[in-house]
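**Student:** Curious how this folds, go ahead:
(one chain, ligands or ions: 1)
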Amino acid sequence: MSDAAPPTDTEERVESTDSTETAPSGTVTDAGETPPLRVRNLRKTFSGITAVDDTSFEIEEGKITGLIGPNGAGKSTTFNLITGFLTPDSGTVELYGEDVTGMRPYKIADRGMVRTFQIARELSEMTVLENMMLAPKHQRGEALWRSVLPGARSQVERDEAEVLERAWEMLEFFDIDHLAEEYAGNLSGGQRKLLEMARALMTDPDILLLDEPFAGVNPSLEEKLIEHIHELREQGYTFLLVEHDIDLIMNNCSRVLVLHQGRLLADGPPAAIKSDERVIEAYLGGEVE
Ligand SMILES: Nc1ncnc2c1ncn2[C@@H]1O[C@H](COP(=O)(O)OP(=O)(O)OP(=O)(O)O)[C@@H](O)[C@H]1O
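**Tutor:** Numbering: from 1, shown residues only. Predicted structure coming up:
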């Protein structure tokens, strides 16, 4: 990625994806801002298979960026490398200019970047509210630590009250507060996605990484989910979305990153990506729109 100012939604330009053009670590864009997330020359292999191959990109503050690519392109691996669930063989991940490469996921979450998770089977047997209360683990850890200090009891109670208040706020924001006592396993696909997002927001992150946010969501809830994402973006949150539904990406992201065989094939606004020959070719010669 070059140091050029990020393209606007209307520009038809596709960024060069030559990773040698990336700016040195800690530099700022021409707009004068350090990007929330910058990935440089990331590489990850699994016993001979190169899943992510010298990939570099950055995402813009307060924008929705989409990450797409055919099956096996390296999207999940990239997500896991960025969020600390995998350690890269080489390359760096920077959050607001800070090198967080190889940091544990909870430390990365502490620094303001979180990802959504599918609700595991065990959590399906807990209520929606219980799922929410489990989310900010590091805050609970702090509360336990403080519990050995003088005057700690009231502090612990205050912490718990704050977490509970935040949980209700998020459930209300996503219109699932009426489901608070429902088992998570009884929710519809769309309601689960809302809960996944509500949980991710418990720690009040700056950057949200959404993993297939629309998978299994019916059209009416899909619309609601999209509205919520845009509302949060307007509040200043920054998004990176991995999603198989190309239309949803093209219609809702200001910028799209295309991975192919572990490498960044294209990076630009949706209109330019849709007409990019290399992208069309990567999708087996099929239609991108
Ligand atoms: N833990 C692993 N062990 C071995 N190979 C892996 C592992 N994880 C991913 N791979 C391989 O790395 C490549 C990239 O996989 P990845 O899951 O990141 O792609 P993806 O774009 O998310 O694919 P999909 O859209 O099908 O989910 C694939 O060839 C995959 O088989």
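
**Student:** ok so Gln191 is a strand residue?
**Tutor:** No: per DSSP: H, G, I helix; E, B strand; the rest coil, Gln191 lies outside any strand segment and is helix.

**Student:** which non-adjacent residue is nearest it?
**Tutor:** Distances taken as C-beta to C-beta, 6 or more residues apart in numbering put Ile176 closest to Gln191, at 6.1 Å, once the chain neighbours are dropped. (Each C-beta comes from the backbone N, C-alpha and C, glycine too.)

**Student:** Give me the number of neighbouring residues for the one you found.
**Tutor:** The tally of other residues near Ile176 (other C-beta atoms under 10 Å) stands at 21.

**Student:** Same check on Glu169?
**Tutor:** Glu169 has 14 neighbours, counted by other C-beta under 10 Å.

**Student:** any idea how far it lies from Met202?
**Tutor:** 10 Å (C-beta to C-beta, to the nearest Å).

**Student:** Write out the residues of the stretch 1-150 of the chain neighbouring the ligand.
**Tutor:** Residues of the stretch 1-150 of the chain lying close to the ligand by C-beta under 6 Å from any ligand atom are Phe46, Ile49, Ala51, Gly69, Asn71, Gly72, Ala73, Gly74, Lys75, Ser76, Thr77.

**Student:** what about the strand or helix carrying the last one, distance to the chain center?
**Tutor:** Secondary-structure assignment from DSSP states H and E places Thr77 in helix 75-82. On the basis of C-alpha atoms, centre = their mean, to the nearest Å, helix 75-82 sits 10 Å off its chain's mean C-alpha point.

**Student:** Report the buried residues of the helix or strand that it is followed by.
**Tutor:** Next helix or strand after helix 75-82 toward the C-terminus (DSSP H and E): strand 90-95. By 16 or more other C-beta atoms under 10 Å, the buried positions in strand 90-95 come out as Gly91, Thr92, Val93, Glu94, Leu95.

**Student:** And for stretch 103-112?
**Tutor:** Residues of stretch 103-112 classed as buried by neighbour count (16+ other C-beta under 10 Å): Met103, Ile108, Ala109, Asp110, Arg111, Gly112.

**Student:** Identify the farthest-apart pair in the residues you listed.
**Tutor:** Met103 and Gly112 (12.4 Å; C-beta to C-beta).

**Student:** so who does Tyr237 touch?
**Tutor:** Taking C-beta atoms under 8 Å, 6 or more residues apart in numbering, we find Tyr237 in contact with Gly62, Pro205, Asp206, Ile207, Leu208.

**Student:** Good, we can wrap up now.
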